[in-house]
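> Dropping a prediction and its sequence here:
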Amino acid sequence: MNGILHGVKIIDLSRLLPGPFCTQILGDLGADVIKIEEVVGGDYARWLPPVGKSESGNFLSINRNKRSMKLNLQNEKGKEIFLKLATNADVILEQFRPGVMERMGLGYEQLAEINPRLIMCAITGFGQNGPYCQKAGHDINYLSVAGILNLIGNYQGSPVVPGIQIADVGGGALWSALSIIAALYAREKTGKGQYIDVSMTDAVFTFMTAIVGSYSVDNKSPKTAANLLDGGNAWYNVYETKDKRYIAIGMLEEKFWRTFCNAIGRPDYIPIQFSPRPEQEKMIDELGKLFASKTADEWIEILAPLDACVSKVNNLEEALNDPHLKYRGMIIELDHPVEGNIKGLGFPIKFSETPYSIRIPPPTFGQHTAEILSELGYSPEAIKGLKDKGVI
């Protein structure tokens with residue numbers, strides 16, 4: 001199968017996490033992704049530790065199904081090459097601060113003149129306009145502005161920095177991929193491209209939908225671990241076990257809570273599931289002592305047969321060997337020309353007719369530069385000349 005997006009050409013100017021993850025999603029679905037990298041240094045993610053024989057594990061995880069091209073966009077010849085690429089491109093994705101592409105003479109208005117069907121997606125921390133649009137930021141800052149960081153942590157404790165980049169992935173990569181596919185669909189109807197302004201802060205703010213809904217009713221600003229599903233209740237919490245591991249229980253529905261309470265010999269907990277905080281704290285304390293009496297595996301053996309939303313908190317090694325995730329094709333291996341066999345994560349969505357495919361391993365730095373220039377009509381001699389002048 002060629003993939004849902006077979007025939008779609010994407011020029012990717014992004015680096016690090018949000019943009020590259022977005023274009024990997026689109027590449028997995030069949031798009032031809034050309035990754036444009038600065039002649040010196042390239043994508044910063046290539047050099048983030050830990051580094052294998054030549055590439056960072058971080059880079060390898062989000063850059064499959066792409067071709068890498070070194071190109072100096074500060075050079076007029078480099079811009080000329082980029083304009084040739086843009087003439088036949090379907091999508092350009094960039095991740096600079098607002099105004100950078102325009103200052104280079106490569107903004108959407110300029111590019112749309114030569115390719116009216118072009119879709120340009122710009123990922124930024126705060127969007128193309130507004131009071132914060134030129135502010136520097138990272139994931140932790142976007143979560144802070146959106147009020148999310150204030151809700152991550154223990155009851156009445158300080159905010160806790162998440163172990164993953166929530167805004168970069170959930171706000172930047174996923175919303176950008178969705179918006180690009182929507183714009184491609186719109187173009188089929190109108191024949192016109194468009195400009196997409198993706199603010200990671202705006203996008204991750206949507207994760208607060210249920211919280212905002214509650215606030216609109218009671219006008220109470222939520223506190224850490226004081227809400228329905230954030231660790232403030234005994235029935236939706238994490239408990240340490242005898243072997244210093246953890247068991248997670250998530251029993252919002254009364255039927256699950258009832259099953260669990262009967263199984264541990266505490267039917268008296270059933271009617272007080274939604275009791276106020278003092279009773280919740282008492283139950284949390286008592287359940288903490290109970291879970292501490294057995295190992296995590298012992299608890300799973302007891303509780304797994306129940307239909308009661310119980311799981312062991314896996315570490316990464318356990319997750320990579322989880323039988324369900326392996327069965328679902330979420331742990332994959334592929335051959336890299338330098339690194340050899342590398343692990344990665346599969347595509348999470350299963351299409352019955354047009355499944356994803358891995359056609360190209362993560363590219364080495366500038367691996368496909370000559371190939372792409374040849375497709376644009378450049379001769380071997382011309383390509384050598386461009387390299388000698390530092391254009392590629």
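Yes, it's here.
> okay, now Gly172: neighbour count?
Residues near Gly172, counting by other Cβ atoms under 10 Å, number 31. C-betas here are computed from N, CA, C, even on glycine.
> Am I right that it is in a helix?
Yes - counting by DSSP: H, G, I helix; E, B strand; the rest coil, Gly172 is part of a helix.
> dump the residue contacts of Leu184.
Shown in contact with Leu184 (Cβ atoms under 8 Å, 6 or more residues apart in numbering): 5, 8, 90-91, 119.
> does Ile11 really touch Ile34, like I thought?
Yes - if you go by Cβ atoms under 8 Å, Ile11 and Ile34 touch, sitting 5.3 Å apart.
> Mutual contacts of those two, please.
Leu85.
> Alpha carbons only: can I get the strand or helix carrying Cys121 in CSV?
Element membership for Cys121 (DSSP states H and E) is strand 119-124. Taking Å, rounded to 0.1, in the frame of the first residue of the first chain, the C-alpha atoms of strand 119-124 are listed here in CSV:
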residue,chain,number,x,y,z
ILE,A,119,-0.4,24.9,2.5
MET,A,120,1.9,26.4,5.0
CYS,A,121,1.8,25.4,8.7
ALA,A,122,3.6,27.5,11.2
ILE,A,123,4.2,26.0,14.7
THR,A,124,5.1,28.5,17.4
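> where are the low-confidence patches of the chain?
Residue ranges of the chain with pLDDT under 70: 1.
> Centre of it to the edge, which residue is at the far end?
Computed with Cα atoms, centre = their mean, the residue of the chain farthest from its C-alpha average is Asp268, at 42.6 Å.
> Not counting sequence-adjacent ones, nearest residue to it?
Closest residue to Asp268 apart from its sequence neighbours, by Cβ to Cβ, 6 or more residues apart in numbering: Cys261 at 7.9 Å.
> So which elements touch the helix or strand the one you found falls within?
Element membership for Cys261, per DSSP H and E: helix 254-263. If contacts are counted by 3 or more Cβ pairs under 8 Å, 6 or more residues apart in numbering; DSSP states H and E, helix 254-263 sits against helix 296-303.
> If we use 6 Å, what do you get?
With contacts defined as 3 or more Cβ pairs under 6 Å, 6 or more residues apart in numbering; DSSP states H and E, helix 254-263 has no helix or strand neighbours.
> Any buried residues in that helix, and which?
Using 16 or more other Cβ atoms under 10 Å as the test for burial, helix 254-263 gives 256-261.
> now the angle from it to helix 296-303?
Relative orientation of helix 254-263 and helix 296-303, computed by axes from the mean of the first three to the mean of the last three Cα atoms, to 10 degrees: 110 degrees.
> Determine how far helix 254-263 lies from the middle of the whole chain.
35 Å (Cα atoms, centre = their mean, to the nearest Å).
> Output it in CSV with nothing but the alpha carbons.
Provided in CSV are the C-alpha atoms of helix 254-263 (Å, rounded to 0.1, in the frame of the first residue of the first chain):
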residue,chain,number,x,y,z
GLU,A,254,-19.4,2.6,41.0
LYS,A,255,-19.4,-0.9,39.5
PHE,A,256,-15.6,-1.0,39.4
TRP,A,257,-15.3,0.5,42.9
ARG,A,258,-17.8,-2.0,44.3
THR,A,259,-15.9,-5.0,42.7
PHE,A,260,-12.6,-3.8,44.1
CYS,A,261,-13.9,-3.0,47.6
ASN,A,262,-15.5,-6.5,47.9
ALA,A,263,-12.3,-8.1,46.7
